[in-house]
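Q: curious how this folds, go ahead:
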Amino acid sequence: MANDATSTTGTAPATGNVLANDKDADGDALTASLVKGPTHGTLTFAADGSFSYVADKGYVGADSFIYAASDGKASANAAVSINVAPVPNSTPTVADDVASTTGTSAATGNVLANDKDADGDALTASLVKGPTHGILTFAADGSYSYVADKGYVGADSFTYAASDGKASANAAVVINVAPVPNSTPTVANDATSTTGTAPATDQIARQRWPTMRLRRPGRHRRRGMCWLTTRMRTATR
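A: I've put the predicted structure just below:
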């Protein structure tokens with residue numbers, strides 16, 4: 001009987017046949033039986049010597065099992081050693097984001113919402129470069145809040161890194177800041193009243209109006225003139 005050795009990565013199955021290198025001097029057919037199973041994985045074993053071994057999730061290192069080969073009259077034991085290597089880490093897959101806001105209204109979101117890790121590792125976010133034209137609040141869980149500087153209109157951006165604890169990748173968030181839409185003034189009709197020749201006055205929007213002087217037609221300056229004076233005074237309604 002000859003000992004065997006094989007290897008695998010992570011939870012990928014390690015397969016083989018323990019009888020492939022075993023012989024019987026009499027030419028008798030051999031059958032295999034399990035003597036002692038592995039410690040750090042699950043083994044499927046058949047009498048024809050075929051086997052499949054899957055390591056426990058997260059286990060890295062050596063494992064083994066023992067089998068017996070028999071010709072029906074006598075048997076001998078041998079061992080199979082299995083080396084379990086760690087799964088190579090995958091760099092997170094990240095995607096750029098786009099957001100928009102108006103004036104100084106906050107633009108919010110989560111930069112990790114469309115980022116993934118092939119190994120299923122949890123991702124954390126860190127700020128690489130902040131925005132130029134606003135204030136950013138940024139958290140490790142990927143959530144953020146951006147407020148543009150007062151009066152700024154245009155594009156702004158910041159850069160972040162997504163990490164699985166072993167590797168990281170950068171991505172950008174572009175924020176488009178639109179101007180605040182103009183509001184049409186709200187106006188109201190006015191009404192007032194007077195008696196006889198008493199002045200009728202009102203308070204309207206602050207604006208200086210000119211004084212108008214009218215001369216009665218058909219009269220010579222030396223014989224006297226009649227003046228009509230109207231003034232609307234500046235005031236606040």
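Q: residue 5: neighbour count?
A: Look at residue 5: counted by other CB atoms under 10 Å, it has 12 neighbours. C-betas here are computed from N, CA, C, even on glycine.
Q: can you name the residues that contact it?
A: For residue 5, the contacting residues are 80-83, by CB atoms under 8 Å, 6 or more residues apart in numbering.
Q: give me the subset of those lying in strands.
A: Of the contacts of residue 5, the ones assigned to strands by DSSP state E are 80-83.
Q: which intervals of the protein have sub-threshold pLDDT?
A: Residues of the chain meeting the criterion pLDDT under 70: 200-237.
Q: ok, now with 90
A: 1-2, 24-26, 119, 182-237 (pLDDT under 90).
Q: okay, now the domains of it?
A: Per the record, the chain has its domains at 4-85, 97-178, by the TED database.
Q: can I get these in JSON lines including distance to residue 188?
A: Shown next, in JSON lines, are those (distance: least, CB to CB, whole Å):
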{"stretch": "domain 4-85", "distance to residue 188": "74"}
{"stretch": "domain 97-178", "distance to residue 188": "27"}
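Q: so which of those domains is nearest residue 187?
A: Residue 187 lies closest to domain 97-178 among the domains of the chain, at 24.4 Å (CB to CB).
Q: endpoint to endpoint, that closest one covers what distance?
A: Length of domain 97-178, first residue to last, CA to CA, to the nearest Å: 17 Å.
Q: on that earlier part again, wait, which of the domains of the chain is closest to residue 195?
A: Once those are compared by CB to CB, domain 97-178 is nearest, at 50.5 Å.
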